[in-house]
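Q: how does the following fold in three dimensions:
(2 chains)
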Amino acid sequence: MNTLASGQSVQEPIERHILSVIVDNEPGVLARVASLFSGRGYNIESLTVTETQHDSHISRLTIVTRGTSSTVAQIRSQLNRLVPVHRVIDLTLEGLFVERELCLVKVAGTGEARQEALRLAQAFGARTLDATLNSFVFELAAGSDAIERFINVMATVGLVDVCRTGSAATTRGAGAV
Amino acid sequence: MVIRALQDQGVKHIFGYPGGSVLPLYDVIFQQDVIQHILVRHEQGAAHAAEGYARSTGKVGVVLVTSGPGSTNAVTGLADAFADSIPLVCLTGQVPTQLIGTDAFQECDTVGITRNCTKHNYLVKNVADLPRIMHEAFYIASSGRPGPVVVDLPKDVQFATGTYYKPENSSHKTYRPGVKGDPERIRKAVDMMAAAARPVLYTGGGVINSGPKASETLRALVKATGFPITSTLMGLGAYPGDDDAFLGMLGMHGTYEANLTMHDSDLIVAVGARFDDRVTGRLDAFAPTARIIHIDIDPSSINKIVPVDLAIIGDCGSVLEDMLAAWTGGGKTANPSLKAWWKQINGWRARNSLAYKPSTEFIKPQYAIERLYAATKDRDTYITTEVGQHQMWAAQFYKFREPNRLMTSGGLGTMGYGFPSAIGVQTAHPESLVIDIAGDGSIQMNIQELATAAQHNLPVKIFILNNEYLGMVRQWQELLHGGRFSHSHTAAMPDFIKLAEAYGATGIRCTKPEDLDGAIEKMLNTPGVVILDCIVEKLENCLPMIPSGKAHNDMLLNDSTEDIGSVIDEKGRALV
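A: Here you go, the predicted structure:
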């Protein structure tokens, strides 16, 4: 029989889900969401948040999580229990969506490695934000997989620093989330 | 402004303890007489008293404590109320806003600490927000799935003046719990119920939280359908415990008939119950042939532990009413197989799983509860319990016939809950008989509240089943740890008679079965607080029991011949 508690019988596949969570931008709301995940043992792969509607003080969180479909359903229900949460949208279930992440990558080096870094950055479509005689800071906005690949190749040409924003995502088509 | 808001919310009693950062509020309390303040002796006691008050009345319980240690002491009570869905508003003092974050004297991050053990919490930084937050706090605590709400009040905000307004409408911009169940799903549920050959109703605390009307409707539904009904610990009393349709409590220490009925059923109708691990036993063997209908006001309870076939989100009372209307209005009748099902259930019932070996030498704890029930069942009685063996014996042997009559810590399992809770109940029902059924271990966890009961003339009766052990711990050590009773023997037991007398209460001791009825009569007829120290059989185990990691149909019964120390395997041992 199919059961949900962890460690029991049938194994459901682990899936990656992107949740958009619309919340009142009030003090502590991020702590509420984050401690819900840690307190109940859910995963957060990335989390971004900023106020998106200034006049009504509404923020939008984009959370990337991993879990079985029943775990993710439970995450949605638990998020909906939080008083400042307006609604939770599972973009992965809504249909097609676009997802982008921004990363800043710093490489240091001289000579051939430095040139190779620039060539690779151009191949990935990254912008150069800062350049010195022995370093670059590149900016790449892309899907998380592309960013992973970009960071992996940069590691071979003098990677010294990485900063990533985590995913932002919305549905395709005319409908608002 | 805070006290004014409490008055406008209809608050008559608050439970609290003063301190530096709530002095402005206490000054206002001093100058009014609408709200009566009950001075506890420890903030945990205030929270449990408010829980007892709330659970026995259906109203919101109110707590007032100071900052720092005042609020941290209240945390156990808040977590308890959160686990059992009890509506509380807890006002905590806080250091002045300009001192927040400076490690000021008696400062702690109250909203941070209580975030995960409250339904919601607030730090009020601006007096302009105060009236809205006060009214919202009551609305959130009492609506939907009830729960505790903390309002943290910096001292400067308490002193500040601002524009007060009365509670206008009970709405919130994001929080809007639904009440009515989806009619289409209710129709479908009723069809499933009519078709079921082996149905069972499994009801919980949600029915009680929904109000007395829900219990009435539940009774009517059981009558109309003829279905057997079992209940969780939190749901006891929603359906009369002495009625034939009632199978007794289910779960770890539930009856044989309740658990086997669940296990063999083909339809479980869960009403305001959450498939707690104490109820389900081994999950992959839980009710293998049953389809499940789950009625709950909290969508997060659905499919959390057990996948269900039909979920109805709504208030239990409202959904039960619609179900009853659909059943009678639709001219539904139960499946003819119900008769055979009852025959089978009555066969299990004949096993008499609550039987115990009587003794003329020692007082059996089960016998003690039976005699207490016999002596109090025709009186206006409220029962609270602590946590442990005595709690389970109370649930098994005390037949609750009305809702809101049992106050017990179910979800969190808080020892020390029962006595302060009884103080809260007695505050709400000054003329009623309020008894805390206690163990010798639990009662010592909030024994200081004897002074509260004495000061406020709250004649709570404390019925201690004294076996000189932390009995449930000892039982588990016998089951799981080779009988090595590590720290479960409570040596240096206080003399409860002298202890009672020290607080101006009356103490009675009873050691012989033949003296028990007289001792209970004396307890009931003595005015004021009474401790009845009932010395019971020391090594009695609480049975029947579904051992950890076992299924409903794998119960340990009182007359089992198996060696009790060998029934739980390695895997079960790791479970709680």
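Q: where does chain A get nearest to chain B, which residue?
A: residue A:77 (3.5 Å; C-beta to the nearest C-beta). C-beta: built from backbone N, CA, C; applies to glycine.
Q: assumed that residue was part of a helix.
A: Yes - under DSSP: H, G, I helix; E, B strand; the rest coil, residue A:77 sits within a helix.
Q: state the number of residues packed around the nearest residue to it once chain neighbours are set aside.
A: Among residues not flanking residue A:77 along the chain, residue B:300 sits closest, at 3.5 Å (C-beta to C-beta, 6 or more residues apart in numbering or on different chains). By the criterion of other C-beta atoms under 10 Å in any protein chain shown, residue B:300 has 18 neighbours.
Q: residue B:446 too?
A: Residue B:446 has 28 neighbours, counted by other C-beta under 10 Å.
Q: now it: phi and psi?
A: Dihedral pair for residue B:446: phi -140, psi 40, per degrees, to the nearest 10.
Q: the chain - how does it break down into domains?
A: Going with chain A. Split into domains by automatic domain parsing, chain A comes to A:15-94, A:98-170.
Q: ah, I was thinking of chain B
A: Split by automatic domain parsing, chain B gives B:2-159, B:183-349, B:365-535.
Q: right, and those domains - which one's nearest residue A:19?
A: domain B:183-349 (14.7 Å; C-beta to C-beta).
Q: chain center to the closest one, what's the gap?
A: Remark: domain B:183-349 is offset 19 Å from the chain centroid, using C-alpha atoms, centre = their mean, to the nearest Å.
Q: same question, stretch B:66-81
A: In terms of C-alpha atoms, centre = their mean, the centre of stretch B:66-81 is found 18 Å from the chain centre.
Q: that one vs chain A: in contact?
A: No - counting by C-beta under 8 Å from any C-beta of the partner chain, chain A has no neighbours in stretch B:66-81; the shortest distance is 11.8 Å.
Q: quick check: buried residues in that stretch?
A: Within stretch B:66-81, the residues scored as buried using 16 or more other C-beta atoms under 10 Å in any protein chain shown are B:66-68, B:70-81.
Q: now the domains of chain A in a markdown table, with mean neighbour count and mean pLDDT?
A: As requested, the domains of chain A are arranged in a markdown table below (neighbours: other C-beta atoms under 10 Å in any protein chain shown; pLDDT from 0 to 100):
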| stretch | mean neighbour count | mean pLDDT |
| --- | --- | --- |
| domain A:15-94 | 17 | 96 |
| domain A:98-170 | 16 | 96 |
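Q: who wins for proximity to residue B:533 among those domains?
A: The minimum distance between residue B:533 and those falls on domain A:15-94, with 40.5 Å, by C-beta to C-beta.
Q: what's the span of that closest one, first residue to last?
A: When the termini of domain A:15-94 are compared using C-alpha to C-alpha, to the nearest Å, they are 15 Å apart.
Q: please tell me how far the residue lying closest to residue B:197 once chain neighbours are set aside sits from residue A:85.
A: Leaving aside its sequence neighbours, residue B:197 sits nearest to residue B:337 (C-beta to C-beta, 6+ apart; 3.7 Å). Look at residue B:337 and residue A:85: by C-beta to C-beta, to the nearest Å, they are 45 Å apart.
Q: which residue does chain B bring closest to chain A?
A: With C-beta to the nearest C-beta as the measure, residue B:300 is the residue of chain B nearest to chain A, at 3.5 Å.
Q: need the CA coordinates for the biggest strand by length in chain A. CSV is fine.
A: Secondary structure assigned by DSSP state E gives strand A:97-108 as the longest strand of chain A. Listed next in CSV are the C-alpha coordinates belonging to strand A:97-108 (Å, rounded to 0.1, in the frame of the first residue of the first chain):
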residue,chain,number,x,y,z
PHE,A,97,7.1,28.3,-17.5
VAL,A,98,10.4,30.2,-17.9
GLU,A,99,13.1,30.1,-15.3
ARG,A,100,16.2,32.3,-15.1
GLU,A,101,18.9,32.8,-12.7
LEU,A,102,21.7,35.4,-12.6
CYS,A,103,25.2,34.6,-11.6
LEU,A,104,28.3,36.7,-11.1
VAL,A,105,31.6,34.8,-11.7
LYS,A,106,35.0,36.2,-11.0
VAL,A,107,38.1,34.6,-12.6
ALA,A,108,41.7,35.6,-12.0
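Q: got the angle for the very next helix or strand once past that strand vs strand A:97-108?
A: Counting by DSSP states H and E, the element after strand A:97-108 in chain order, helix or strand, is helix A:111-124. What separates the directions of helix A:111-124 and strand A:97-108 is an angle of 170 degrees, with axes from the mean of the first three to the mean of the last three C-alpha atoms, to 10 degrees.
Q: restricting to C-alpha, output helix A:111-124 in CSV.
A: Provided in CSV are the C-alpha atoms of helix A:111-124 (Å, rounded to 0.1, in the frame of the first residue of the first chain):
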residue,chain,number,x,y,z
GLY,A,111,48.1,35.0,-20.3
GLU,A,112,46.4,32.1,-22.1
ALA,A,113,44.0,31.2,-19.2
ARG,A,114,42.8,34.8,-19.2
GLN,A,115,42.1,34.8,-22.9
GLU,A,116,40.4,31.4,-22.7
ALA,A,117,38.2,32.7,-19.9
LEU,A,118,37.0,35.5,-22.1
ARG,A,119,36.4,33.3,-25.1
LEU,A,120,34.4,30.8,-23.0
ALA,A,121,32.3,33.6,-21.4
GLN,A,122,31.5,34.9,-24.9
ALA,A,123,30.5,31.4,-26.0
PHE,A,124,28.0,31.3,-23.0
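Q: which helix or strand lies directly C-terminal to that helix?
A: Toward the C-terminus, helix A:111-124 is succeeded by strand A:127-132 as the next helix or strand (DSSP H and E).
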